[in-house]
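**Q** here you go, sequence then predicted model.
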Amino acid sequence: QVQLVESGGGSVQAGGSLRLSCAASVPTSPNYAMAWFRQAPGKERVFVAAISWSGVSTRYADSVKGRFTISKDNAKNTVYLQMNSLKVEDTAVYYCAADRSRSLVAPPISNEYDYWGQGTQVTVSS
């Protein structure tokens with residue numbers, strides 16, 4: 001069982017930056033692809049970014065492309081989400097997820113992922 005713990009959320013003004021971290025409780029195997037999702041109040045959880053186990057391949061939602069960067073440090077069992085040029089519409093709870101069935105970038109569908117963190121709140125004000 002893998003436990004994921006997110007951190008780094010907070011409140012920031014539009015145009016600002018935040019970096020989220022997701023620490024895994026145990027080293028993830030080569031079959032664990034990782035991703036970030038987010039859920040705004042009253043809305044469904046949606047895909048933000050995904051990364052392969054190696055860190056070579058990534059995928060982004062169109063809404064964050066060019067502003068967010070996903071990366072990982074396997075030595076630290078940690079995945080990051082660098083968020084720049086934040087917008088009010090980026091306000092949401094951000095969740096880290098792990099897909100144990102693949103090492104390549106997983107589809108941007110929440111049902112594909114087996115493990116989830118508890119989420120971290122990101123609030124962007126105008």
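**A** Good, I have the coordinates.
**Q** which residue is the nearest non-sequential neighbour of the residue nearest to the spatial centre of the chain?
**A** By CA atoms, centre = their mean, the mean C-alpha position of the chain lies nearest to residue 36, the distance being 2.2 Å. With CB to CB, 6 or more residues apart in numbering as the criterion, residue 36 has its nearest non-adjacent residue at 4.3 Å, and that residue is residue 48. C-beta coordinates here come from the backbone N, C-alpha and C atoms, glycine included.
**Q** and if you look at residue 40?
**A** residue 92 (4.3 Å).
**Q** ok, residue 16 next?
**A** With CB to CB, 6+ apart as the measure, residue 86 is the residue that lies nearest to residue 16, at 5.4 Å, once sequence neighbours are left out.
**Q** and the one you found, how many neighbours does it have?
**A** The number of residues packed around residue 86, counting by other CB atoms under 10 Å, is 22.
**Q** what sits against the nearest residue to residue 116 once chain neighbours are set aside?
**A** Nearest residue to residue 116 in three dimensions, chain neighbours excluded: residue 97, at 5.2 Å (CB to CB, 6+ apart). For residue 97, the contact set (CB atoms under 8 Å, 6 or more residues apart in numbering) comprises 4, 34-37, 110, 113, 115-117.
**Q** could you do residue 49 as well?
**A** With contact set as CB under 8 Å, 6+ apart, residue 49 has these partners: 35-36, 58-61, 64, 68-70, 81.
**Q** that concludes my questions; thank you for your assistance.
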